[in-house]
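> Sequence unavailable; structure follows:
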């Protein structure tokens with residue numbers, strides 16, 4: 001599941017199931033690594049070997065070959081397979097079909113190159129050097145028949161320091177980032193975790209813009225060697241560059257030896273073509289040196305060994321001895337195995353090593369071996385440690401802050417402070433975390449890239465800075481609508497909220513609720529003298545879907561935020577009746593402890609439910625001390641006939657009454673409770689609370705399967721004069 005594909009917690013499991021790679025020919029159930037399967041290896045051998053071994057492999061694989069179920073990598077082999085089988089004298093009815101695949105590849109490549117190569121020329125005209133990678137470079141200068149190499153996009157490298165300029169050119173050329181990603185995210189955040197991002201036109205033809213060649217080497221100056229050794233090439237009349245054969249071979253094998261839900265074993269075919277000398281002789285000394293400088297000798301040795309064993313690629317014994325004789329660090333071995341392993345199958349050690357190595361590969365100078373000091377520095381950055389007294393907090397995971405947590409598939413948004421240009425929020429207007437500009441301007445740290453209907457908290461805490469037009473004179477209300485990442489092993493999640501350093505609330509989001517809406521009070525004491533809200537949203541149960549076994553998304557996800565609203569308390573005039581149903585306009589008074597609305601009312605949820613109103617002091621002055629009554633209609637959840645529900649009613653913290661609901665008082669009539677004007681706040685704030693002793697769920701009471709702790713079902717409320 002890619003970052004752009006997650007739209008809600010309920011989609012986490014279904015997104016992966018929608019494209020099950022096990023339905024393709026040659027796949028094996030529950031494949032856990034990126035190596036080709038036995039059937040796929042036979043197809044590779046029939047394609048690449050030039051002797052009796054190819055014929056033997058073809059005889060073995062031919063009876064089980066299901067053309068209708070071939071995946072993309074398998075289809076990519078067919079033109080080359082046809083060429084090899086014809087050369088070996090094979091006659092088979094499938095060869096005519098394979099010829100059609102060759103023609104299809106050629107035509108499809110032309111429809112991709114025709115609109116995209118001019119975009120490469122536009123980059124060159126703007127003074128941005130370009131270099132073609134993989135498929136586009138293979139067919140440049142007619143070095144390889146365009147029908148022999150299928151392509152889904154055209155890969156173009158630009159100097160990393162020109163990434164922002166290149167994005168601007170592509171936007172002017174009518175291309176947009178793939179996955180509804182905003183351009184600012186591509187420029188500011190994508191380079192933290194990937195070497196490239198795709199751009200598409202209106203027909204979904206794609207250009208993959210690279211600022212680095214390799215995932216494994218993204219530090220400053222990582223590609224200087226590649227640019228220096230680049231060779232001039234021409235594609236459809238556009239003059240550009242390509243990697244030298246040794247560098248292209250390094251790219252191909254390292255790109256292939258990474259987990260993919262649909263294993264891209266086409267890398268074996270590409271590597272065999274390069275090693276055959278089609279693009280020039282491979283300088284294996286350079287290849288080994290480039291691998292050493294980038295600390296990828298383990299992966300390169302594994303790839304070349306496979307090519308020799310299963311594809312009969314000619315690689316000298318001297319090169320293999322030199323590569324195998326280099327001492328590889330244990331972290332590199334663990335990292336290589338982790339990169340090849342399905343994310344949900346990775347061990348805790350593998351996940352930790354991948355996160356640690358990601359920092360080193362982004363910051364460590366090219367060719368430098370990490371010392372103990374550099375390892376410690378990387379660990380401190382990943383964990384957020386700035387002082388020794390932070391150590392106890394690590395038992396809950398990395399300390400929240402800019403750039404944390406780490407993931408292979410995304411970077412959290414936020415640089416420590418919110419954008420200074422952010423406009424003040426309007427009280428009462430919903431704030432949409434699914435809006436890219438909202439997250440970019442308001443998130444100090446801890447938000448993943450926004451999605452269609454919301455945004456995930458990155459890790460266990462997000463910090464939002466919300467400017468207000470003025471310092472508030474009264475308490476405010478905050479409404480949070482959110483969902484949890486729920487699995488069978490974790491039926492509920494906790495969420496905590498604090499503002500300006502003061503903890504407000506912690507509540508649970510359960511599996512039986514599609515979404516949870518909670519309201520809470522932002523007290524005057526926390527707002528006094530401030531014209532903004534420093535809001536922290538905590539998700540102590542954050543976990544990656546991969547760790548929960550839901551899919552292969554390795555992002556640490558806390559809570560999925562759908563909406564935030566900051567309100568002033570409702571202005572109320574005594575005598576006015578307030579309602580609680582779904583269509584009511586009075587819901588801005590809710591201040592915590594309420595369930596979702598129903599047609600005629602709303603249940604209290606948990607042991608405490610609160611309402612916050614604002615009554616004009618001049619209005620209250622017209623009431624004598626003992627002439628005001630609190631009147632409300634609320635039905636109790638009793639269940640068993642003998643059960644009694646005790647409820648304390650409070651106003652601004654002062655007890656007003658204790659009510660006992662049961663057989664003698666089923667709550668069918670409105671309750672009237674005296675409200676002395678002496679308990680009213682001079683500012684006109686009125687906080688009403690119902691403290692419910694021993695609330696029960698309908699499930700406990702054997703009424704239904706509902707597990708919410710319910711107390712009273714409120715239908716109306718008013719402040720009235722005593723009759």
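On my side now, so go ahead. As the structure is a computational prediction, the values presented were derived from the model and not from experiment. Numbers count the residues shown, from 1 in each chain.

> Apart from its chain neighbours, what residue comes closest to residue 267?
Residue nearest to residue 267 in three dimensions, not counting chain neighbours: residue 256, with 2.6 Å by C-beta to C-beta, 6 or more residues apart in numbering. (Each C-beta comes from the backbone N, C-alpha and C, glycine too.)

> contacting residues for that neighbour?
Contact analysis of residue 256 by C-beta atoms under 8 Å, 6 or more residues apart in numbering lists 34, 264-268, 270-271, 303.

> give me that answer again for 10 Å
With contact set as C-beta atoms under 10 Å, 6 or more residues apart in numbering, residue 256 has these partners: 34-36, 73, 263-271, 299, 303, 306.

> Looking at the residues you listed, which is nearest residue 354?
Nearest to residue 354 out of the contacts of residue 256 is residue 299 (C-beta to C-beta; 13.3 Å).

> okay, now that closest one: neighbour count?
Neighbours of residue 299 under the rule other C-beta atoms under 10 Å: 26.

> Now name the helix or strand holding it.
Residue 299 is located in helix 297-310, with elements delineated by DSSP states H and E.

> Counting by contacts, list what that helix packs against.
Using 3 or more C-beta pairs under 10 Å, 6 or more residues apart in numbering; DSSP states H and E, the elements in contact with helix 297-310 are helix 38-48, helix 245-256, helix 266-275, helix 284-293, helix 317-325, helix 330-340.

> can we see that at 7 Å?
helix 38-48, helix 245-256, helix 266-275, helix 317-325, helix 330-340 (3 or more C-beta pairs under 7 Å, 6 or more residues apart in numbering; DSSP states H and E).

> Packed most tightly, which of those would that be?
helix 245-256 (a mean of 25; mean count of other C-beta atoms under 10 Å).

> between that helix and helix 266-275, how big is the angle?
170 degrees (axes from the mean of the first three to the mean of the last three C-alpha atoms, to 10 degrees).

> Who are the contact partners of residue 457?
Contact partners of residue 457, counting by C-beta atoms under 7 Å, 6 or more residues apart in numbering, are 446-447, 537, 539, 542, 558-559, 561.

> Let me see the mean pLDDT of the host helix or strand of it.
Using DSSP H and E, residue 457 maps to strand 455-458. If you average the pLDDT over strand 455-458, you get 96.

> do stretch 412-425 as well
Averaged across stretch 412-425, the pLDDT comes to 87.

> all strands of the stretch 501-650 of the chain, in order?
Taking DSSP state E, counting those that start in this stretch as the criterion, the stretch 501-650 of the chain contains strands spanning 502-510, 516-522, 532-538, 557-567, 570-572, 577-579, 602-605, 608-615, 628-636, 645-651.

> ok, residue 149 touching residue 142?
No. Assessed by C-beta atoms under 7 Å, residue 149 is found out of contact with residue 142, at 12.0 Å.

> Please identify which of the two sits among more neighbours.
More crowded of residue 149 and residue 142, by other C-beta under 10 Å: residue 149, with 23 against 9.

> For that one, which residues are in contact?
135, 138-139.

> Give me the neighbour count for the residue nearest to residue 461 when sequence neighbours are not counted.
Among residues not flanking residue 461 along the chain, residue 400 sits closest, at 3.6 Å (C-beta to C-beta, 6+ apart). Look at residue 400: counted by other C-beta under 10 Å, it has 27 neighbours.

> Quick check, residue 400 in contact with residue 459.
Yes. Proximity of residue 400 to residue 459 meets the contact threshold set by C-beta under 7 Å, at 6.1 Å.

> which residues are common contacts for these two?
Counting by C-beta under 7 Å, 6+ apart, the residues touching both residue 400 and residue 459 are residue 446.

> residue ranges with poor pLDDT in the stretch 401-550 of the chain?
For the stretch 401-550 of the chain, the stretches with pLDDT under 70 are 489, 511-515.

> pLDDT averaged over stretch 32-51 - what is it?
91.

> can you list the residues that contact that stretch?
Contacts of stretch 32-51 (C-beta under 7 Å, 6+ apart): 26-28, 31, 53-54, 57-58, 60-61, 64, 74, 77, 80-81, 84, 257-260, 263, 265, 268-269, 272, 310-312, 340-342, 345.

> Beyond the lengthiest helix in the chain, next helix or strand please.
Counting residues, the longest helix in the chain under DSSP state H turns out to be helix 94-125. Sequence-wise, the next helix or strand downstream of helix 94-125 (DSSP H and E) is strand 131-133.

> Show me which residues of that following strand are buried.
When burial is assessed from 16 or more other C-beta atoms under 10 Å, strand 131-133 yields the following buried residues: 131-133.

> how about the residues you listed in JSON lines, adding distance to residue 433 and pLDDT?
Output for these, formatted as JSON lines (distance: C-beta to C-beta, whole Å; pLDDT from 0 to 100):
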{"residue": "131", "distance to residue 433": "38", "pLDDT": "98"}
{"residue": "132", "distance to residue 433": "39", "pLDDT": "98"}
{"residue": "133", "distance to residue 433": "36", "pLDDT": "97"}
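
> What is the distance between stretch 360-375 and the centre of its chain?
Distance of stretch 360-375 from the chain centroid (C-alpha atoms, centre = their mean, to the nearest Å) equals 27 Å.

> what sits up against that stretch?
192, 216-219, 221-222, 293, 378.

> Need the buried ones from those residues selected in ChimeraX.
Buried subset of the contacts of stretch 360-375, written as a ChimeraX selection, criterion 16+ other C-beta under 10 Å:
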select :192,216,217,218,219,222,293,378
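
> Out of the contacts of stretch 360-375, which is nearest to residue 692?
residue 192 (48.1 Å).

> For the closest one, which non-adjacent residue is spatially closest?
Leaving aside its sequence neighbours, residue 192 sits nearest to residue 411 (C-beta to C-beta, 6+ apart; 4.1 Å).

> Next one: the one you found relative to residue 448, how far apart?
Distance of residue 411 to residue 448, given as C-beta to C-beta, to the nearest Å: 9 Å.

> circling back: just flag the most distant two among the contacts of stretch 360-375.
The widest separation within the contacts of stretch 360-375, taken as C-beta to C-beta, falls between 192 and 293 and amounts to 21.5 Å.

> who touches the spatially closest residue to residue 92 that is not a sequence neighbour in this structure?
Once flanking residues are discounted, residue 92 sits nearest to residue 85: 6.9 Å by C-beta to C-beta, 6+ apart. If you count contacts by C-beta under 7 Å, 6+ apart, residue 85 has them with 58, 92, 95.

> Weed out the non-buried ones from those residues.
By neighbour count, with 16+ other C-beta under 10 Å, the contacts of residue 85 hold residue 58 as buried.

> Make TSV from the contacts of residue 85 and add distance to residue 569 and pLDDT to it.
Converted to TSV, those look like this (distance: C-beta to C-beta, whole Å; pLDDT from 0 to 100):
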residue	distance to residue 569	pLDDT
58	78	96
92	80	93
95	78	94
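
> Any chance of a markdown table for the contacts of residue 85, columns distance to residue 475?
Below are the contacts of residue 85 laid out as a markdown table (distance: C-beta to C-beta, whole Å):
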| residue | distance to residue 475 |
| --- | --- |
| 58 | 78 |
| 92 | 80 |
| 95 | 79 |
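
> wait, which of the contacts of residue 85 is closest to residue 485?
residue 58 (47.4 Å).

> The residue nearest to residue 192 should be in a helix, yeah?
No. Judged by DSSP: H, G, I helix; E, B strand; the rest coil, residue 411 forms no part of a helix; its state is coil.

> Tell me where the model's unsure across the stretch 551-700 of the chain.
618-626.

> hmm, I was thinking of the stretch 101-250 of the chain
For the stretch 101-250 of the chain, no range has pLDDT under 70.

> quick check: domain ranges of the protein?
1-23+384-567, 569-723 (automatic domain parsing).

> Pick the most deeply packed of the ones you listed.
domain 1-23+384-567 (a mean of 19).

> now residue 312: how far from residue 354?
In terms of C-beta to C-beta, residue 312 sits 33 Å off from residue 354.

> Much appreciated, bye for now.
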